[in-house]
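**Student:** Quick one: sequence plus predicted model below, questions after.
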Amino acid sequence: MKAKITEMMERPNVLLRGNFACAGCGLSIAYRTSISALDRPIVVIPACCSSVIQSLHPNVAFNVPTLNIAFAAHASAASGIARAKKMRGEEVTTVVWSGDGGTYDIGLATWSGAAERNENIIHFCYDNNFYSNTGAQRSGATPRGAVTTTTPEGKKEKRKSITRIMAAHDIPYIATASIGYPRDLYAKVKKASTIEGYRFILIDAPCPTGWLSDPAITPELGELAVKTGYFPLYEIENGNLIFSRKGEKYRDPENRVPLEEYLSKQNRFKKMTPSQIVEVKKDIQHEWDQLVRLE
Amino acid sequence: MCSCLSRKEKAESLGNDSRIEVKEMVQSLENPQTKLMTGAEAVATAAKLSRPQVIAAYPITPQTKIVETLSGMVARGEMDTEYINVESEHSAMGAVIGASLAGTRTFTATSSHGLLYMGELVWWAGMTRIPVVMPVVNRSLNPWNIWPDHQDAMTFRDAGWIQFYAKNNQEVLDLTICAFKIAEHHKIWMPVMVCLDGFILSHTSAQVEVPSQKKVDNFLPPFEPLAMLDPDNPFAHGSLTDSEGIWEQRMSLIDGFNNAHVLIPQIFTEYTEKIGRLGNYLIEVTGDIEHAECAVIALGTLGEEAEQTVEYLLEKNIKAVVLRPRVFRPFPKKELIVLINKVPRLLVIDRAVSFGNAGQLAIEIQAELFAHKVEVKFHQKIMGLGGMDVNYVDIATEIERVLKED
Amino acid sequence: MNEDIELKDPVLPLGRPTLGSAGETGDWRTYRPKFIEENCIKCYKCWLSCPEGTIRVDAHGEYPYIDYVYCKGCGVCVHVCPGRKKQKALEMIPE
């Protein structure tokens, strides 16, 4: 999918300049691109980097109505907003904007409940693979081998597949996207906004501060994650998985860029042994094998 | 507990004091506005009459009947309400916070462990000024026990919520309707917890006068948000705040409670004029305070039980008076001191404990006595934890002990 | 509690959208992106990928420009710029 840049340029500016985001912040690209695609958004933000980068009260950098709420209360608060606005007869787009900690870990029950009720919400998870606003601790999204402040020798377990957990809820729309491909991300958000019910978009959002990478290559890391097969791009509509055109060819391991190219650009992987890299490659292939079964 | 009466004697004294006049009850039941209902049904009826637009709740004994009744009313189209069957109490409060800020009147209810699991967001609602109304059906905490005490609600006395403790099902209904008007008053604008004792009220049927919808509508206007999440006028609610900002908000919350202290009696008065019964007092006085040898202070149904103690002790020529705070937050300090100044002795009964110290009510009253240099003989007693039965004879025994001690 | 006292309005935790909510973040830069107009093909990849939104474009078809008051100097724009004939339209220069 590819949105027209002219259309994207006409959308309102949702992220105001001069905020607390680190230089080269991946989630900022994700936020700008995603939220600008929506009509009349109301955004619920649990504890995550976005609760920091929106800046200090009484000033905020997010130019849309925003409710900050406790870590594990994003989808429940959004459910309340969606129902209340329905009751008031107001057309809005209710959004959960959560990091991976809030989606993979502590907030899992709240979104699972909201997804089961098929609340009219778009749930974005910008995935930077750990708890970034507290300074890079391990989360359920942290990949095997990555050094975080709570896995100083590298994480021993693979990351969980949040989209497959989400798919088990049989919600109408699931997509993965990357800040390496903003036009694909924008188009998927647009598509999601035309669908009713609980929708989930997982966005790969590199974090130079925590990944110990050059801020300038944030988008490149997004692209490399797709090209190495590490972060497959796809949509699941009503249970049917369709690989996105941008990333489809990487289902064949032969077409993938060597994983080492992706890992070597991030110092968080510097402690990985060759055998661990083999393990991560197996993790990647396992995920693809599982996804193919949903096609 | 009470060691001076045998179980048999207690039962006899209770049996002799059958205070439900059957004739009177039948008469009142013929009045279409008076219904026999449990405390849980009184809560649900009050909620229905108050027209909440969004309800989110999770079941827990002994609150269950409230949510079952309300979800039935919504399903049958008797209420124009969005009902969210959430997957936890944490999400129940999360949902009503969202719904309230999206511009609707909101309601939830819980109890015991449910309240504790909700805890993070109970504070969130308190600190960020969410005008939600939440009955708490008081129930003991762990290990598993479903019987009443006040440990659950007392755990949240500092959470920035107004707290009422009701003595009977009528007061449950009246206070719940008032709670919406108080929570949503633009000079108060904070959440209200209406506490009712599990089973003693929630599952026991009693007569309740139910006001007409017209009367309630006349008392309680539609929800008018102070601030609403609105794409045409964006703001961020509860974003990262520095020390000065937190200080300003906390000071404002203190002001809000002071405002509530002034305004609650006025709203009670308005309710009494437009609907009836309630009265404008924060502390109910039962007995002859001018001649009382001892005042008993207790919350909720313990306070009501103590009212019977007053009558019982009169037969023994002992004059006692009951001071029952039905508003615990804001704490009615001024009113309490005026009353306590009239009595020589005080017995404060708590149905909860601040472990390592004493009952919360006793601690707070002692602080006021000290601040105002009140000369009174002070006694305290913890009773009824984990649903231990406390009847009026037990309370009488405690008063007699107090009188003997000094 | 004196009933004649003026009742204060509640202070709600509301923040308003503000440009430069974290100050003039251009101060953070050690390098700045410099725009070289003759190499720009107006693909707007810099605009798409700028995390801060400090690459400005007044209308489609116009050249982009940089808001140096807030640009944090991350270098993403330079990295994504394809340029003309391998000559980038953006380069990083020391402050």
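**Tutor:** The structure has been received and is ready for your questions. Numbers count the residues shown, from 1 in each chain, chains lettered A, B, ... in the order given.
**Student:** Any residues of chain C in contact with chain B? List them.
**Tutor:** Contact residues, chain C versus chain B (CB under 8 Å from any CB of the partner chain): C:1, C:3, C:5, C:7-17. C-betas here are computed from N, CA, C, even on glycine.
**Student:** and what of the stretch 101-250 of chain A?
**Tutor:** A:109-110, A:112-114, A:116-117.
**Student:** Out of those, name the ones that lie in helices.
**Tutor:** Residues of these located in helices (DSSP state H): A:109-110, A:112-114, A:116.
**Student:** For ChimeraX, write the select line for the buried members of the residues you listed.
**Tutor:** The buried subset of these, as determined by 16 or more other CB atoms under 10 Å in any protein chain shown, is captured in ChimeraX by this line:
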select /A:109,110,112,113,114
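**Student:** Can you verify my assumption that residue B:398 contacts residue B:381?
**Tutor:** Yes. Using CB atoms under 8 Å, residue B:398 is in contact with residue B:381, at 5.4 Å.
**Student:** what's the overlap in contacts for these two?
**Tutor:** By CB atoms under 8 Å, 6 or more residues apart in numbering or on different chains, residue B:398 and residue B:381 have these common neighbours: B:347, B:349.
**Student:** quick one: the helix or strand harbouring residue A:76 near chain C?
**Tutor:** Per DSSP states H and E, residue A:76 falls inside helix A:74-88. No. Figure legend: helix A:74-88 not in contact with chain C (CB under 8 Å from any CB); closest approach 14.5 Å.
**Student:** and the closest residue to residue C:30 other than its chain neighbours, what does it touch?
**Tutor:** The shortest distance from residue C:30 to any non-neighbouring residue, by CB to CB, 6 or more residues apart in numbering or on different chains, is to residue C:95 (5.8 Å). Residue C:95 is in contact with C:29-32, C:73, counting by CB under 8 Å, 6+ apart.
**Student:** Restricted to strands, list these.
**Tutor:** The strands, defined by DSSP state E, take in C:31-32 from the contacts of residue C:95.
**Student:** Drop anything exposed from the contacts of residue C:95.
**Tutor:** Buried subset of the contacts of residue C:95 (neighbour count, 16+ other CB under 10 Å): C:29, C:32, C:73.
**Student:** distance of the residue of chain C found nearest chain B from residue B:247?
**Tutor:** Residue nearest to chain B within chain C: residue C:11 (3.6 Å; CB to the nearest CB). According to CB to CB, to the nearest Å, residue C:11 and residue B:247 sit 10 Å apart.
**Student:** So which of those two has more stuff around it?
**Tutor:** A count of neighbours by other CB atoms under 10 Å in any protein chain shown puts residue C:11 above the other of residue C:11 and residue B:247, at 16 against 11.
**Student:** Could you find the closest non-adjacent residue to the more buried one?
**Tutor:** residue B:252 (3.6 Å).
**Student:** Tell me the secondary structure at the one you found.
**Tutor:** Three-state call for residue B:252 (DSSP: H, G, I helix; E, B strand; the rest coil): helix.
**Student:** got a list of what it touches?
**Tutor:** By CB under 8 Å, 6+ apart, the residues touching residue B:252 are C:8, C:10-11.
**Student:** got it, and residue B:301?
**Tutor:** Here residue B:301 is in contact with B:148, B:167-168, B:197, B:200-201 (CB under 8 Å, 6+ apart).
**Student:** circling back: helix A:74-88 and the following helix or strand past the helix holding residue A:76, what's the angle between them?
**Tutor:** On the C-terminal side of helix A:74-88, the nearest following helix or strand under DSSP H and E is strand A:93-99. Taking axes from the mean of the first three to the mean of the last three CA atoms, to 10 degrees, one finds that strand A:93-99 is oriented at 170 degrees with respect to helix A:74-88.
**Student:** list the helices and strands strand A:93-99 packs on?
**Tutor:** For strand A:93-99, the elements it packs on are helix A:26-35, strand A:41-45, helix A:49-53, helix A:74-88, strand A:122-127, judged by 3 or more CB pairs under 8 Å, 6 or more residues apart in numbering or on different chains; DSSP states H and E.
**Student:** who does the helix or strand residue B:338 falls within touch, helix- and strand-wise?
**Tutor:** Element membership of residue B:338 [criterion: DSSP H and E] is helix B:333-340. With contacts taken as 3+ CB pairs under 8 Å, 6+ apart, helix B:333-340 sits against strand B:283-287, strand B:294-297, strand B:320-325, helix B:360-371.
**Student:** Any idea how far the longest one is from the middle of the chain?
**Tutor:** Okay, so that is helix B:360-371. Centre-to-centre, helix B:360-371 and its host chain are 20 Å apart (CA atoms, centre = their mean, to the nearest Å).
**Student:** tell me the mean pLDDT for the next helix or strand after that helix?
**Tutor:** Going down the chain from helix B:360-371, the next helix or strand is strand B:377-382, by DSSP H and E. The average pLDDT for strand B:377-382 rounds to 97.
**Student:** now the residue nearest in space to the middle of chain C: how far from residue C:29?
**Tutor:** Centroid-nearest residue in chain C, with CA atoms, centre = their mean: residue C:54, separated by 2.0 Å. Residue C:54 sits 11 Å away from residue C:29, going by CB to CB.
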